[in-house]
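with the sequence up front, the predicted model follows.
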Amino acid sequence: MTVAATMRSKLEQAFTPALLEIVDESHRHVGHAGHSGAGESHFQIRIVAPAFEGKSRVERQRLVYGVLAEELAGPVHALALTVRTPAEAAV
């Protein structure tokens, strides 16, 4: 299973998101620190889920980081997050 597929599975299980987009941006970081050349090291994730209601942006990000701790300790060097509630996403 790819890193992106593993992250998708974990995030879907943890948050049952209304929207989940995972974009591998590793190709944009060739030659930068943390890029091994193998890919799947730099990601952008957009997630919309009711589980984020009543939580600050930092709390939401910490929840995602917790779910993806194994990936962040290993192959994932950089993770850009957009974490919203369904009400925020509708605006």
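Great, that's in hand.

model confidence over the helix ranked longest in the chain, on average?
Ranked by residue count under DSSP state H, the longest helix found in the chain is helix 3-15. When pLDDT is averaged along helix 3-15, the result is 97.

what pairs with the helix or strand just after that helix, parallel or antiparallel?
The helix or strand immediately downstream of helix 3-15 is strand 19-24, counting by DSSP states H and E. Paired neighbours of strand 19-24 in the sheet (DSSP bridges): strand 42-48 (antiparallel).

pull out the buried residues from the strand it pairs with.
Within strand 42-48, the residues scored as buried using 16 or more other C-beta atoms under 10 Å are 42, 43, 45, 46, 47, 48. The way it works is simple: take the backbone N, C-alpha and C, and place the C-beta from them, glycine included.

after it, next one along is what?
From strand 42-48 onward toward the C-terminus, using DSSP H and E, the following helix or strand is helix 57-67.

show me what the helix or strand immediately after that next one in the chain is packed up against.
Later in the chain than helix 57-67, the nearest helix or strand by DSSP H and E is helix 69-73. Other helices and strands packing on helix 69-73, by 3 or more C-beta pairs under 8 Å, 6 or more residues apart in numbering; DSSP states H and E, are helix 3-15.

what's the angle between the helix it packs on and strand 19-24?
For helix 3-15 against strand 19-24, the angle by axes from the mean of the first three to the mean of the last three C-alpha atoms, to 10 degrees is 160 degrees.

what residues are up against residue 65?
Going by C-beta atoms under 8 Å, 6 or more residues apart in numbering, residue 65 touches 72, 79.

and it, how far from residue 71?
Distance from residue 65 to residue 71, counting by C-beta to C-beta, to the nearest Å: 10 Å.
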